[in-house]
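attaching a predicted model along with its sequence, questions to come.
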Amino acid sequence: MPELPEVETTRRGIEPHIQGCTIAQVIVRNPRLRWPVPDNIDRMLSGKTIQTITRRAKYLLLDTGSGHLIVHLGMSGSLRVLESPAPAGKHDHVDIVMTNGVRLRYTDPRRFGALLWSEDALDDHVLLKHLGPEPLAPPDTQNTATFTAERLYQMSRGKKQAVKTFIMDNKVVVGVGNIYASEALFHAGIRPDRACGTISRNRYKRLIDCIRETLSKAIADGGTTLRDFVGGDGRPGYFKQSLAVYGREGELCLRCGAIIKEIKLGNRSSCYCSRCQR
DNA sequence: AAATCTCCCTGTAGGC
DNA sequence: TGCCTACAGGGAGATT
């Protein structure tokens, strides 16, 4: 399921195939995603050239020079490059056809994703303007608007919220979903239900290192494929075999051998080792 | 104001 | 060709 590493894997997979391509046509088979695909999207995109493909949080941004296509993969979405037409399956909702015949195909069984068109500056877009810092951007210790231990420390003071839901909050840091929050907390030795306001600067420093390391390794492995996810080349990711706690409730901790526990936090399952994580 | 809950959706797993 | 329910999850919006 697409978290930051899966979105970045997708970005890297499609970029070499579609950067510089001119869009001939957008075929919308089913516009009913999280928000409706705008019915003018074919008119807005046709004839425009894809200049860059960037990522902000879990959003992919295709810049045409006069407006952006904003893509979110939801939890079961994928974007693949097809070098030639192929029959559309049940969940292949949108094809973006290039003038050279290459297609960018959006597939999303659960339709939690989105394809939106924005002519405004992206900094002002309602979905993007309140987002916190990127976890993998170069840290700037002088700037608390970047992902630093000082930021987490300051934002968490006086809060009783569980640290796991805290780091999954997009205003705190973006791109950390349920899988990688669980994994990073394990590697940092912090219980997911610990009140975020009781965690020291030093432990936040360690947590930040672990979040960066977990996300980076997952990107290097092509993301985590649990069921649906495929990268831009249609291949699954291989990080699943590196998961230490996520989805391992009842199994043994790889570090100490204790049984991995599962609790619900914010209606989301959270797995942890009660011996390694405090 | 902060924290928690609900909802959108559908494929899959598990119980019977 | 079994039917039914619970569950998974990102994140906006509602509620407590």
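Received it, and whenever you're ready, just let me know what you need.

can you pull out the low-pLDDT segments for the stretch 101-250 of chain A?
A:224-236, A:238-239, A:241 (pLDDT under 70).

and the residue of it closest to DNA strand C?
Using Cβ to the nearest atom of the strand, the single residue of the stretch 101-250 of chain A nearest to DNA strand C is A:G177, 2.6 Å away. Heads up, the C-betas are built off the backbone N, CA and C, glycines and all.

from what I see, that residue and A:E3 are in contact.
Yes. Applying Cβ atoms under 8 Å, one finds A:G177 in contact with A:E3, separated by 3.8 Å.

so A:I70 makes contact with A:L115?
Yes. Here A:I70 reaches A:L115: they are 7.4 Å apart, a contact under Cβ under 8 Å.

between these two, which is the more surrounded one?
Using other Cβ atoms under 10 Å, the more surrounded residue of A:I70 and A:L115 is A:L115, with 27 against 19.

surely that one and A:Y106 touch.
Yes. Using Cβ under 8 Å, A:L115 is in contact with A:Y106, at 6.4 Å.

now for the two: what residues contact both?
A:71, A:94 (Cβ atoms under 8 Å, 6 or more residues apart in numbering).

the closest residue in space to A:C273 that isn't next to it in sequence: how many residues sit nearby?
Closest residue in space to A:C273, ignoring its immediate chain neighbours: A:C253 at 4.1 Å, by Cβ to Cβ, 6 or more residues apart in numbering. When counting by other Cβ under 10 Å, one arrives at 20 neighbours for A:C253.

likewise A:N143?
By the measure other Cβ under 10 Å, the count of residues near A:N143 is 12.

do A:E15 as well
When counting by other Cβ under 10 Å, one arrives at 18 neighbours for A:E15.

re earlier: neighbour-wise, which of A:G177 and A:E3 wins?
Using other Cβ under 10 Å as the criterion, A:G177 and A:E3 rank with A:E3 on top: 23 against 19.

assess the claim that the more buried one and A:E183 are in contact.
No. Counting by Cβ under 8 Å, A:E3 sits too far from A:E183 to count as a contact (10.4 Å).

re the thing from before, hang on, the residue nearest to A:C273 packs against A:S274?
No. Here A:C253 does not reach A:S274: they are 9.0 Å apart, not a contact under Cβ under 8 Å.

would you mark the buried spots in the biggest helix by length in chain A?
Ranked by residue count and defined by DSSP state H, the top helix of chain A is helix A:201-220. By neighbour count on 16 or more other Cβ atoms under 10 Å, the buried set for helix A:201-220 is A:203-208, A:210-212, A:214-215, A:218-219.

same thing with stretch A:88-102?
In stretch A:88-102, the ones that count as buried by 16+ other Cβ under 10 Å are A:91-98, A:102.

which residues touch that stretch?
A:17-18, A:21-31, A:33, A:37, A:45, A:69, A:81-85, A:103-109, A:111, A:115.

need the contact list for whichever residue of the stretch 151-278 of chain A sits closest to DNA strand B.
Nearest residue of the stretch 151-278 of chain A to DNA strand B, counting by Cβ to the nearest atom of the strand: A:K159, 3.4 Å away. For A:K159, the contacting residues are A:166, A:195-197, by Cβ under 8 Å, 6+ apart.
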